[in-house]
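Participant: got a sequence here, can you model it:
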Amino acid sequence: MNLQTYIESGILELYVLNLLDESERLMVQSMVSKNPELKIEIQEIELALENHALKYAIEPSAGLKEKIEQSLKASAADQNVQNKITPINEYSDHQDWLDFVTRRFPEALYAENFCELIAEEPGLKQVFVVSTFDIEEESHEKEYESFLILKGKCKCTVDGGIFFLEAGGYTQIPLKVNHRVEVIEGPVMAIVQYLEK
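Facilitator: Got it, this is the predicted structure:
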């Protein structure tokens, strides 16, 4: 093959832009090893692309750096929650949890029903739940169930007693006690926690 024709084919530009499949990349590398002038051509293409990018670069908006930093901080915070469970209790800030789950599970905002594990370690598990359905009566023999409501309203029946929870509401269910949850205003979003005794 004529070397000039090969250069003019555009394959070297595709190589530099990493737009070739593996077999084509290997073919170009083989050609470069046999023809040192192709290496020079590749360096010139890289320089031309860099100059083009610099010439037509768009200055980012003043607030972009701040947005990126905030996003990185939020991502780090999410990672910390994933790596170490923060147990929920009556003092938990439901808005902090809502912010966390909406960043981590954005698809849940439009779901009628959704269930996803947040974190788990020996003896402790947290699940994010979105539900439009009532939770049938149940009881737990070996783990305490508690939940923090993030959105919606529900009616809880625990051992015959009735109470209502809405955003910010928290309850812990005693062991071996029948309980059920009815959705009053849904979907209900909640952090559900299971703590082994």
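Participant: is E66 in a helix, a strand, or coil?
Facilitator: When classified by DSSP: H, G, I helix; E, B strand; the rest coil, E66 comes out as helix.
Participant: correct me, but V158 touches L175?
Facilitator: No - counting by CB atoms under 8 Å, V158 does not reach L175; the two are 11.9 Å apart. Just so you know, the C-beta spots here come from the backbone N, C-alpha and C atoms, and that holds for glycine as well.
Participant: looking at these two, which is more packed in?
Facilitator: V158 (17 against 12; other CB atoms under 10 Å).
Participant: name the nearest residue to the more buried one, sequence neighbours excluded.
Facilitator: In this structure, V158 finds its nearest non-sequential neighbour in H179, 4.4 Å apart by CB to CB, 6 or more residues apart in numbering.
Participant: contact partners for that neighbour?
Facilitator: 137-139, 145, 156-159, 173 (CB atoms under 8 Å, 6 or more residues apart in numbering).
Participant: and if you look at Y170?
Facilitator: Taking CB under 8 Å, 6+ apart, one finds 88-90, 92, 146-149 in contact with Y170.
Participant: show me which pair in those is furthest apart.
Facilitator: Greatest spacing in those, by CB to CB: N89 and I149 (13.6 Å).
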